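Chemist: pasting the structure only:
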């Protein structure tokens, strides 16, 4: 499928597909026009496919405009896709250039979340939940300025919540629950709107909206995690 340069939508969710997506590519620039990647609820293993995060050109620097008129004729006849956005099942009948989503949830991916995911600065929806991801939340996620939904729940992520995420002023849904995050929850911008269910299951997080107050030990742990992440 990497040999299909015009491919814009790839949905393989809810199957029993398996394998490692981080193996070497046959193409120098795989999936340059891909806007939708949904392989959720399968059995893929290995690290997250960093090679794709570096080549998804349609998810980088996208202008705020709609698809050309000839695309509308195609979509009116052929395009229909059901997807999960912000936790809700939705039916789409039109694919705008500004619609971009990656859903790798409910697989067996392991390792860390690569910094290169921050290159996808036009990504709207990102779901990496229910995997075995470890390490810190990359501060580079703060570069995805139009991100509306971020779900990293039910992994093994540790360290503090990067303050860079407060720059995501379009973020409407955040789920970091069921990880091993520590320290104080950021409070500026959109983070002041998220409630307990965004953080449940992180026993060492503290601060509003949780009832657990922060003390010096919590602050030290979060600061140490930030210093390690910047090295």
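Modeler: That came through, no problem. Note that the coordinates shown come from a computational prediction; the quantities given were computed from them, not determined experimentally.

Chemist: Return the set of buried residues in stretch 36-47.
Modeler: Within stretch 36-47, the residues that qualify as buried are 36-42, 44-45, counting by 16 or more other C-beta atoms under 10 Å. No exception for glycine: its C-beta is placed from N, CA and C like everyone else's.

Chemist: how long is that stretch end to end?
Modeler: With C-alpha to C-alpha, to the nearest Å as the measure, the first residue of stretch 36-47 is 20 Å from its last.

Chemist: Go ahead and name everything in contact with it.
Modeler: In this structure, residues lying in contact with stretch 36-47 by C-beta atoms under 8 Å, 6 or more residues apart in numbering are 8-22, 31, 52, 56, 81, 83-84, 95, 99-112, 114, 127.

Chemist: Is it possible to mark the buried ones in these?
Modeler: Burial by neighbour count, judged by 16+ other C-beta under 10 Å, picks out 8-9, 13, 21-22, 31, 52, 56, 83-84, 95, 99-107, 109, 114, 127 from the contacts of stretch 36-47.

Chemist: Tell me which of those residues fall in strands.
Modeler: Secondary-structure check on those using DSSP state E: residues within strands are 9, 83-84, 101-103, 109, 127.

Chemist: from the residues you listed, which single one is nearest residue 158?
Modeler: Nearest to residue 158 among those is residue 109, at 16.4 Å by C-beta to C-beta.

Chemist: what about the residue nearest to residue 62 when sequence neighbours are not counted, helix or strand, and which?
Modeler: If the residues on either side of it in the chain are set aside, residue 62 comes closest to residue 122, at 3.8 Å by C-beta to C-beta, 6 or more residues apart in numbering. With secondary structure defined by DSSP states H and E, residue 122 is part of neither a helix nor a strand.

Chemist: Give me the neighbour count for residue 122.
Modeler: By the criterion of other C-beta atoms under 10 Å, residue 122 has 23 neighbours.

Chemist: Equivalent analysis for residue 116, please.
Modeler: Counted with other C-beta under 10 Å, the neighbours of residue 116 add up to 15.

Chemist: Am I right that it is in contact with residue 50?
Modeler: Yes. The pair residue 116 / residue 50 is scored as a contact, 5.3 Å apart, by C-beta atoms under 8 Å.

Chemist: what about the helices in the chain?
Modeler: 50-53, 69-78, 216-230 (DSSP state H).

Chemist: any residues touching the shortest one, and which ones?
Modeler: The set of residues external to helix 50-53 that reach it, using C-beta under 8 Å, 6+ apart, is 21-22, 25, 30-31, 37, 114, 116-117, 119-120.

Chemist: residue closest to the middle of the chain?
Modeler: Among the residues of the chain, the one closest to the centroid is residue 126, at 2.7 Å (C-alpha atoms, centre = their mean).
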